[in-house]
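Participant: This is a predicted model, with the sequence first.
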Amino acid sequence: MNISNYNEYITAETLMGPNCVRILGELFDKYPLQLTSDDLVLDLGCGTGLTSLVIAKETGAKVYANDLWISAEENGKRFAEWGINGQVTPVCEDANNLHFNERQFSALVSIDSYHYFAGEQGFFRGKILPLMKDGGVVLIGIPGLKDEYSGRSEELLSDWLGKESYMFKSPKLWKELIGSHDRIDSVVTWEMACFEEAWNDWLAVDNEYAHIDRQYFETIIKPYTCFVGIYVKLKG
């Protein structure tokens, strides 16, 4: 995926953390989605809709852009400005209480948000799997702990993240949390290669949260954390 195609959209107003387009780009390069305009994709935790724009442009599919923190009205205005409001539908719902039909989506994408709501055993099986069509694909990219520090998030990250430290889990642990099911064909997790570039893009932004992260990047973020890539393929 050519990330430069989206440079005009990647701004201080649309970024909410490390560059979500780079994270999504690595997922798409590793596991391209073969979709049509008849397919539906759920962008779960879409933030300002930057990832929803990319999904729509790269796949041609229809996208439901869901976020709890950004209103559907706000994202709807942005999608209209971007000229994608006919292809991308804004939604504002809690990931634990989504009102979609069973087996509605050919793909689900979640960038830099899944760790906020999905860290409990059984979440994927109970909340995500029912929404997915047979043969569907789930692509997730989230911050986490490097495998060698698995289980030590609160010890290592609390100076930076405080009470949210527990949300950072290793690729190995995320694979266990996705779990197994007779509808799941395969689960792959890995430490993503885009870590430094995605972070550098964010740390260059004039944003109060980026300023805070900059203080901890060399001492905590870079040594101990990674981006966890998650690929789930459902049986056809």
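Facilitator: Structure's in. What do you need? Numbers count the residues shown, from 1 in each chain.
Participant: Check the gap between the residue nearest to the spatial centre of the chain and G25 for me.
Facilitator: With distances taken as C-alpha atoms, centre = their mean, I111 lies nearest the centre of the chain, 1.2 Å away. Counting by C-beta to C-beta, to the nearest Å, the separation of I111 from G25 is 10 Å. Just so you know, the C-beta spots here come from the backbone N, C-alpha and C atoms, and that holds for glycine as well.
Participant: Who are the packing partners of the host helix or strand of E155?
Facilitator: Assigned by DSSP states H and E, E155 falls within helix 153-161. Other elements packing on helix 153-161 under the criterion 3 or more C-beta pairs under 8 Å, 6 or more residues apart in numbering; DSSP states H and E are strand 132-145, helix 208-216.
Participant: in this structure, which spans are helices?
Facilitator: If DSSP state H is used as the criterion, the helices of the chain fall at 20-30, 50-59, 72-82, 114-117, 123, 153-161, 171-178, 195-203, 208-216, 222-224.
Participant: Now do the shortest one: everything it contacts.
Facilitator: Residues from elsewhere that reach helix 123, judged by C-beta atoms under 8 Å, 6 or more residues apart in numbering: F117, L177.
Participant: sorry, back to before: may I have the beta-bridge partners of the residue nearest to the centre of the chain?
Facilitator: The partner list for I111 in beta bridges (DSSP bridges) reads G141.
Participant: what bridges to T89?
Facilitator: Beta-bridge pairing for T89 (DSSP bridges): Y64.
Participant: tally of neighbours for M1?
Facilitator: Here the count is done by other C-beta atoms under 10 Å, and M1 has 17 residues near it.
Participant: buried stuff in stretch 6-20?
Facilitator: Of the residues in stretch 6-20, those with enough neighbours to count as buried (16 or more other C-beta atoms under 10 Å) are Y6, Y9, I10, T14, L15, M16, G17, P18, N19, C20.
Participant: and what of stretch 229-236?
Facilitator: Taking 16+ other C-beta under 10 Å as the neighbour-count basis, stretch 229-236 is seen to contain the buried residues G229, I230, Y231, V232, L234.
Participant: With adjacent residues omitted, what lies nearest to I140?
Facilitator: Take I140 and drop its neighbours on the chain: the residue closest to it by C-beta to C-beta, 6 or more residues apart in numbering is I230, 3.9 Å away.
Participant: Wait, the one you found touches I178, no?
Facilitator: Yes. Assessed by C-beta atoms under 8 Å, I230 is found in contact with I178 at 6.7 Å.
Participant: hmm, back to that, so which of the helices and strands packed on helix 153-161 has the densest surroundings on average?
Facilitator: strand 132-145 (a mean of 22; mean count of other C-beta atoms under 10 Å).
Participant: which secondary structure elements does that strand contact?
Facilitator: helix 20-30, strand 105-111, helix 114-117, helix 153-161, helix 171-178, strand 225-234.
Participant: quick one: it to chain centroid distance?
Facilitator: What separates the centre of strand 132-145 from the centre of its chain is 8 Å, taken as C-alpha atoms, centre = their mean, to the nearest Å.
Participant: How about exporting that strand as CSV, limited to the C-alpha atoms?
Facilitator: What follows is strand 132-145, C-alpha atoms only, in CSV (Å, rounded to 0.1, in the frame of the first residue of the first chain):
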residue,chain,number,x,y,z
MET,A,132,-18.3,-12.2,10.8
LYS,A,133,-19.2,-14.1,7.7
ASP,A,134,-17.8,-17.5,7.0
GLY,A,135,-14.4,-17.1,5.3
GLY,A,136,-14.1,-13.6,6.8
VAL,A,137,-10.9,-11.9,7.9
VAL,A,138,-10.0,-9.9,11.0
LEU,A,139,-7.0,-7.6,11.0
ILE,A,140,-5.9,-5.8,14.2
GLY,A,141,-3.0,-3.6,15.0
ILE,A,142,-2.5,-2.4,18.6
PRO,A,143,0.2,-1.3,21.0
GLY,A,144,1.4,-4.1,23.2
LEU,A,145,4.4,-5.6,25.1
